[in-house]
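[1] Sequence plus the predicted model coming up.
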Amino acid sequence: MSSLLSYLPQAEGLLPKWLFFIGITAVGNLVQAYRTLHFTAQVYLSPDARVKPPPGAAHPSLTTPLHSRTFGTWTLLQGLVRLYASYHVHEASWYQLALITNVVAMWHFGSEWLLFGSVKWNKGLAAPVIVSVSTTVWMLVQYGEYVRA
């Protein structure tokens, strides 16, 4: 077990471990986004009752197989930045890039929900919104604790 733990980020505090965790989760998201529409369609539930569920999904969504794979690839890119930043949390450039990935996620999900009205609030949307908002706030508050000039 200790040999497995040695692969985790070694920096003090929980933030590097959290960045590692959400980075690994993004890799898992890539796999599911390429295999099924089910989970991506839950994130992008349509507020329009006239929209029918996509094939293999139980909820109305504008999600297509192409959108699901694009979303998975986008999530992988963000996850890779977060993974790398988890090991380089004291370097301003990697810390800032990881922070920006969360700001981009906040903008994307928030604008689809509040600005464009293309998705409705639900548990599928709540998870990425909560993770991106809380991680952004956490990283802003802790910036001086991790980044070394």
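    Received it, and whenever you're ready, just let me know what you need. These numbers come from a predicted model, not from an experiment.
[2] C-alpha from now on. contacts and neighbour counts both.
    Will do.
[3] what's in contact with the helix or strand where Asn102 lies?
    Asn102 belongs to helix 92-110 when assigned by DSSP states H and E. Identification of contacts with helix 92-110 by C-alpha atoms under 8 Å, 6 or more residues apart in numbering yields 78, 81-82, 84-85, 88-89, 125, 128-129, 132-133, 135-136, 139-140, 147-149.
[4] how about 7 Å then?
    78, 81-82, 85, 88-89, 129, 132-133, 135-136, 139, 147 (C-alpha atoms under 7 Å, 6 or more residues apart in numbering).
[5] got the buried residues for that helix?
    92, 94-103, 105-107, 109-110 (16 or more other C-alpha atoms under 10 Å).
[6] any idea which of those is the one closest to His38?
    Nearest to His38, judged by C-alpha to C-alpha, of the buried residues of helix 92-110 is Phe109 at 17.7 Å.
[7] Any regions of this protein where pLDDT drops low?
    1, 49, 56-58, 149 (pLDDT under 70).
[8] at 80 instead, please
    For the chain, applying pLDDT under 80 flags the ranges 1-5, 48-59, 149.
[9] which stretches of it form helices?
    2-5, 15-35, 38-43, 65-87, 92-110, 123-146 (DSSP state H).
[10] would you turn those helices into TSV with distance to Pro55?
    Below are the helices of the chain laid out as TSV (distance: least, C-alpha to C-alpha, whole Å):
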stretch	distance to Pro55
helix 2-5	40
helix 15-35	12
helix 38-43	9
helix 65-87	9
helix 92-110	23
helix 123-146	18
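[11] quick one, which of the ones you listed is nearest to Gly117?
    Shortest distance between Gly117 and these, using C-alpha to C-alpha, is found for helix 92-110: 9.5 Å.
[12] now that closest one, how far from the centre of its chain.
    Centroid separation for helix 92-110 versus its chain: 10 Å, with C-alpha atoms, centre = their mean, to the nearest Å.
[13] do the same with stretch 40-58
    The answer for stretch 40-58 is 20 Å, by C-alpha atoms, centre = their mean.
[14] Would you mind listing the buried residues in that stretch?
    Residues of stretch 40-58 classed as buried: 40-47, 53-54, 57 (neighbour count, 16+ other C-alpha under 10 Å).
[15] Done for today, thanks.
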